[in-house]
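> just coords:
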């Protein structure tokens, strides 16, 4: 499993990491309309629940084939019903996601930084032991904890078995969620947690650092040797150790930063940006790249230059540890959020660069429109799929050069307007 929360990525970036609940700004239905809507939902739930119960009966044989005992299956599914709230949450994920600066405003807010420093002080001994065993800095583990559950404050209260069963039955990503459901049943069968205590997010992420069941089975650890890998209790020991073990498993290098904020020279060749281009810090220094104090970046290993918001935003020299955090969550915003929050928890200050705060994210349809327009103008994107990958970035750079713009390859709304 490449990421812990890959299935929740759009929701995560839309809302930020465990943001405080806010009152909905959507128009409220009139009382009569609300009652009518509630009756419709109830009727749909009753129909779906009957089919859901039939699905559970059919699923039993597949669970049994995976080694799940009937007694475990029966206990886990006792009282389970089709969860319309889970389906509504899955259906209603917004197409719009936060811009990276909006995400980082939350991910590394002063409140989250101060709470992270408090959590580090409170758990210094434990985190020091974890760092000593797995070689992952205490600040990094604390930062993951802070983004995933606000240091344990928001671990989720949804019952995992009914939620995963509902999503598997629903069928949109049925194969994935059925695999998670089997894994969850294996966790219960192993004795790590009873089914009633297995709670988490509506999409199946669990505990202080929000492991999905398959990742739990592969990477969770029993740090104190008490016979259980308990990521659900108020004690965060196993959850934090499991996070460090996960990062270590994918090659974390102690002492290497995830990245360094840098400044680029005026004549910088923006074709050199992106994760495919790697150079030593000395080679980047020869091209005029410096840290924000004007000094050469020390030799932490080969690195790339990342411009998450184009030439108008912050620039980062990113190292291999950046890609290790990607194994937890592939979004650049998340990786930078973890990295920057860990730096702040360790005493560093805010980022120094500004952001193009007047820009907005493109809709999926707009990304496809951009690809069509680029190709029509002779800048081939090698297909129209709504994914801004290397081919589209190269096409954007070509268009930008033709217009006398900085060729940073950033898919901005301004570029789309110019193409139109």
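Here it is on my side, so go on. Everything quoted here is computed from the prediction, not taken from an experiment.
> skipping adjacent residues, who's closest to residue 216 in space?
In space, and not counting its chain neighbours, residue 216 is closest to residue 187: 6.1 Å by Cβ to Cβ, 6 or more residues apart in numbering. All C-beta spots, glycine's among them, are computed from the backbone N, C-alpha and C.
> so that neighbour, which state does it fall into?
helix (DSSP: H, G, I helix; E, B strand; the rest coil).
> how far away is it from residue 164?
11 Å (Cβ to Cβ, to the nearest Å).
> mutual contacts of these two, please.
residue 213 (Cβ atoms under 8 Å, 6 or more residues apart in numbering).
> looking at these two now, which is surrounded by more residues?
residue 164 (30 against 22; other Cβ atoms under 10 Å).
> and that one, what does it touch?
177, 180-181, 184, 204, 213.
> relative to residue 209, how far out is it?
Residue 164 is 19 Å from residue 209, by Cβ to Cβ.
> centre of the chain to stretch 252-260, how far?
In terms of Cα atoms, centre = their mean, to the nearest Å, the centre of stretch 252-260 is found 19 Å from the chain centre.
> contacts for it?
131, 134-137, 140, 291, 297, 300-301, 303, 306, 316-322, 324-325, 335-336, 338-339, 342-343.
> in helices, which of the residues you listed fall?
Those of the contacts of stretch 252-260 mapping onto helices are 131, 134, 140, 320-322, 324-325, 335-336, 338-339, 342-343, per DSSP state H.
> which of those sits closest to residue 355?
residue 336 (11.9 Å; Cβ to Cβ).
> which residue comes closest to residue 294 once chain neighbours are left out?
residue 263 (7.7 Å).
> same question for residue 104.
Using Cβ to Cβ, 6+ apart, the nearest residue to residue 104 is residue 337, at 5.9 Å.
> verify the stated contact: that neighbour with residue 102.
No. If you go by Cβ atoms under 8 Å, residue 337 and residue 102 don't touch, sitting 11.2 Å apart.
> more crowded one of these two?
Set side by side, residue 337 and residue 102 show more neighbours around residue 337, with 28 against 16, by other Cβ under 10 Å.
> quick one: the more buried one from residue 75, how far?
From residue 337 over to residue 75 (counting by Cβ to Cβ), the distance is 39 Å.
> repeat that for residue 277.
Residue 277 is 54 Å from residue 75, by Cβ to Cβ.
> now residue 105
44 Å.
> just residue 157 next, same as before
20 Å.
> the more surrounded of those two?
A count of neighbours by other Cβ under 10 Å puts residue 75 above the other of residue 157 and residue 75, at 15 against 9.
> so who does that one touch?
188, 195.
> how about a cut-off of 6 Å?
Contacts here follow Cβ atoms under 6 Å, 6 or more residues apart in numbering; on that basis residue 75 touches nothing.
> could you do residue 332 as well?
Contacts of residue 332 (Cβ under 6 Å, 6+ apart): residue 308.
> report pLDDT for it.
pLDDT, residue 332: 93.
> repeat that for the one 5 residues further on.
According to the prediction, residue 337 has pLDDT 98.
> and it, what does it touch?
104, 107, 147.
> count the neighbours of the second one for me.
Here the number of neighbours of residue 107 (other Cβ under 10 Å) works out to 26.
> residue ranges in the stretch 51-200 of the chain under the pLDDT threshold?
93-96 (pLDDT under 70).
> mind doing that once more with 80?
Within the stretch 51-200 of the chain, the stretches with pLDDT under 80 are 92-97.
> helices of that one, start to end?
70-77, 84-91, 100-107, 110-122, 124-134, 138-149, 160-170, 174-190 (DSSP state H, counting those that start in this stretch).
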